[in-house]
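Enquirer: when you get a sec, could you give me coordinates for this:
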Amino acid sequence: MHLKVKSGSGEEARKKLISEGVLDKARKIQKTDGYLLIPVTRAADYPGAELVNLEGKAAKRKSASLRETLEGRLSAEELAHLPNAFDIIGDIAVLEIPKELSAKKKIIGEALLETFKNLKVAANKTTSVGTEYRTRNVEVIAGEKRTETTHREYGCEYKLDITTSYFSPRLGTERMRVAKQVKPGERVLVMFAGIGPYAILIAKTARPKEVYAVELNPSAVEYMKENIRLNKADVKAVLGDAGAEAGKYGKFDRIIMPLPKDAGNFLDKALPALKKGGVIHYYTFAGTTEEAAQEVKNICSKLGHKIEVLDAVECGTYSPQLSRMCVDYKLIK
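Expert: Here you go, the predicted structure:
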């Protein structure tokens, strides 16, 4: 059943049918000789229109997931190896295709861009993050041949190249959690600052006195400087080793250490740069928040500092046994 209306009245009629709940979205609207044939689920009235019966045409339904798009293109066995998740950085999707699907990576990449129209590039991880500069190799498998993008998060914009700078979109909520704790007038140090997401978000959403951001990777620092300009943020970007630079800029009220793998090796440099009563946000990999908190207590005790753990939160999965944890603690006066 279709409602035959003049083309000039089609949009108004369509909206009316939607409001009445009788538009048949499973079938296409057809055109013929200056008229539109709008599919309906039951009899409906519209001025100057008539109901006609004709064979309907099924509307193409957008796939809801990558797996659904790939049904019929990959076998059931291949679909079983499909990654369950991927990162979206700006308009780039970064996924890790297992070796079992390496021959189908182009098909998977094209299906990903077909499913999610806002994405323009599909990239496959070819190595894990493991270099001194926390970078990894990726290959573009579909879409535009580029690895640079702009990621938007909580009103801030971060430009980066995913092959030369580390950035995790999964930490957006965690970055805001930390930023909300910054009090007016604080001096803040962000170690291992990358392209600047912690530092810039704090500068934009809190009212700190000063924010220093230290990063070893020259490419990341160049992007951080550009992002500082892009966001009109008051952040001092420093190129250098976080341990060597920590003690050069006076005492801080708050220090952020977002390097889970090695942050413990830098506490001997970070703690002397912290004011008594100051707060550190320390990231590590651990099985539980209790393990993470105990790790911090043990390291600080060996370094001769008494601390009070304020909070310990899980902020991401690293492996089946380990999660990324953040321990918030302060130096006891």
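
Enquirer: any weak-confidence spans in this protein?
Expert: 60-63, 129-131, 333 (pLDDT under 70).

Enquirer: list the contacts of the residue located most distally from the centre of the chain.
Expert: In the chain, counting by CA atoms, centre = their mean, G48 sits farthest out from the average C-alpha position, at 51.2 Å. Going by CB atoms under 8 Å, 6 or more residues apart in numbering, G48 touches 5-6, 9. All C-beta spots, glycine's among them, are computed from the backbone N, C-alpha and C.

Enquirer: how about the helices of the stretch 1-150 of the chain, start to end?
Expert: 10-20, 66-70, 76-80, 105-115 (DSSP state H, counting those that start in this stretch).

Enquirer: any chance of those in CSV with distance to E186 and mean neighbour count as columns?
Expert: Formatted as CSV, those follow (distance: least, CB to CB, whole Å; neighbours: other CB atoms under 10 Å):
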stretch, distance to E186, mean neighbour count
helix 10-20, 52, 15
helix 66-70, 43, 19
helix 76-80, 50, 11
helix 105-115, 42, 19
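
Enquirer: would you list those helices in TSV and tack on distance to I29?
Expert: Formatted as TSV, these follow (distance: least, CB to CB, whole Å):
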stretch	distance to I29
helix 10-20	7
helix 66-70	24
helix 76-80	33
helix 105-115	23
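
Enquirer: give me the contacts around stretch 246-253.
Expert: Outside stretch 246-253, the residues that reach it (CB under 8 Å, 6+ apart) are 183, 186-189, 191, 212, 214, 255, 266, 269-270, 272-275, 278-279.

Enquirer: any idea how far the residue farthest from the centre of the chain is from I18?
Expert: G48 sits 19 Å away from I18, taking CB to CB, to the nearest Å as the criterion.

Enquirer: I'd like the contacts of G48 as a markdown table, with distance to N137 and neighbour count appended.
Expert: A markdown table is the format used below for these (distance: CB to CB, whole Å; neighbours: other CB atoms under 10 Å):
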| residue | distance to N137 | neighbour count |
| --- | --- | --- |
| V5 | 57 | 24 |
| K6 | 59 | 12 |
| S9 | 57 | 16 |
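
Enquirer: in strands, which of those fall?
Expert: 5-6 (DSSP state E).

Enquirer: put together CSV for the contacts of G48, with distance to T150 on each row.
Expert: Output for the contacts of G48, formatted as CSV (distance: CB to CB, whole Å):
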residue, distance to T150
V5, 44
K6, 45
S9, 43
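
Enquirer: from the contacts of G48, which is closest to E77?
Expert: Among these, V5 lies closest to E77 (CB to CB), at 49.3 Å.

Enquirer: quick check: the closest one vs K31, distance?
Expert: Distance from V5 to K31, by CB to CB: 11 Å.

Enquirer: do the same with S128
Expert: 53 Å.

Enquirer: cool, T127 as well?
Expert: For T127 relative to K31 (CB to CB), the value is 52 Å.

Enquirer: pretty sure S301 belongs to a strand, no?
Expert: No - per DSSP: H, G, I helix; E, B strand; the rest coil, S301 lies outside any strand segment and is helix.
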